[in-house]
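Visitor: Any chance you can model this:
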Amino acid sequence: MSINISNISKVYGQQKALDDISINIENSEIVGLLGPNGAGKSTLMKIITGFIPPTSGNIKVMGYDIFEEPLKVKNSIGYLPESNPLYHEMYVREYLEFVAGIFKIKNKKERIKEIIELTKLTNEQHKKIGALSKGYKQRVGLAQAFIHNPDVLILDEPTSGLDPNQLIEIRNLIKKVGATKTVLFSSHIMQEVEAVCDRIIIINEGKLIADSPKSEIQKLWKDKEVVIVEFKENINEVQLKNISGINNIVKMENGKWKITVDNQSDIRPLIYDFAKNNNLTLIGLQSEEISLEHIFQNLTK
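Guide: Just a heads-up that it's a prediction; the model follows:
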């Protein structure tokens, strides 16, 4: 087991940032950690990496206890914080040599060459970090996280601020590296999580509220169904609420309505009857696959 998180809590004064979190992550899993701002994602990552201690509970990384063997834990982890704190006055290669020296990497020159090629920094290696674009700075941050060939990667918002092309490149890089390592990364971009992760964990207000393989994520919302409805006439939400079984109604920008209902009964006949009884023309009615974004929104309200 790569990461064993047991009953972790973190309290700041009167605020409980994490509340009795327990998670086990196996070897070679790519796990997406989701949650609203302030949910406790970064706090959990900082505790795993040893940046801050928990108030209670314990964590083991690759079998090493964060309290008893902290240096072995840190040596097992590659960490990219959300802020990506780099030395902007250093050159890319110079910075990677510095990091490699901290980890006492053997064959340092060969490893730096390998990691520069892996992160596609070849053309940027002789530039100052401060002169790089946001995308290349993220690559440098990933390079320093990978350079000592750790068993576990902790990546906090690794795709933040990247353009679509950069997103695809970093996504592919994470998947390539994650084929042989355990990766825990947080993101606000649901498409990235769905594209990269094997498993999804959601925390909210410091509590673990969901933990599921990606293939089974829709079961988190197994008792609901979403339909998209469009009428020719203008109607309002109050009218739609007269339809039995509706849980939630959202008006979309294109004049359509997104309706969440209990899926224990077919809602379509009720919508047809509603249109007929109110002399409305039904233009469209279709089921929508429940997305990770929809599940996230409903679980973290």
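Visitor: low-scoring stretches of this structure, by residue?
Guide: 218-224, 262-265, 288-290 (pLDDT under 70).
Visitor: Strands of that one, residue ranges please.
Guide: Assigned by DSSP state E, the chain shows strands spanning 3-12, 15-25, 30-34, 56-61, 64-65, 77-80, 152-156, 182-186, 199-204, 207-213, 224-231, 246-251, 257-262, 282-288.
Visitor: As a markdown table, those strands with mean neighbour count would be great.
Guide: For every residue, glycine as well, the C-beta is placed using N, CA and C. Listed next are these as a markdown table, based on neighbours: other Cβ atoms under 10 Å:
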| stretch | mean neighbour count |
| --- | --- |
| strand 3-12 | 18 |
| strand 15-25 | 17 |
| strand 30-34 | 24 |
| strand 56-61 | 20 |
| strand 64-65 | 16 |
| strand 77-80 | 23 |
| strand 152-156 | 23 |
| strand 182-186 | 25 |
| strand 199-204 | 22 |
| strand 207-213 | 16 |
| strand 224-231 | 19 |
| strand 246-251 | 15 |
| strand 257-262 | 18 |
| strand 282-288 | 13 |
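Visitor: Out of those strands, flag the one nearest residue 123.
Guide: strand 77-80 (21.4 Å; Cβ to Cβ).
Visitor: Pairing partners for that closest one, with directions?
Guide: Strand pairing for strand 77-80, using DSSP bridges, gives strand 152-156 (parallel).
Visitor: Tally up the residues packed near residue 42, please.
Guide: Residue 42 is flanked by 21 other residues according to other Cβ atoms under 10 Å.
Visitor: what comes up buried for the biggest helix by length in the chain?
Guide: The longest helix of the chain (DSSP state H) is helix 164-178. For helix 164-178, the neighbour count (16 or more other Cβ atoms under 10 Å) marks 166-167, 169-171, 173-174, 177-178 as buried.
Visitor: Contact partners for the closest residue to residue 46 other than its chain neighbours?
Guide: Spatial nearest neighbour of residue 46, chain neighbours left out: residue 52 (4.7 Å); criterion: Cβ to Cβ, 6 or more residues apart in numbering. By Cβ atoms under 8 Å, 6 or more residues apart in numbering, the contact set of residue 52 is 10, 43, 46.
Visitor: The closest residue to residue 8 other than its chain neighbours and residue 278: what is the separation?
Guide: Leaving aside its sequence neighbours, residue 8 sits nearest to residue 57 (Cβ to Cβ, 6+ apart; 3.7 Å). According to Cβ to Cβ, to the nearest Å, residue 57 stands 56 Å off from residue 278.
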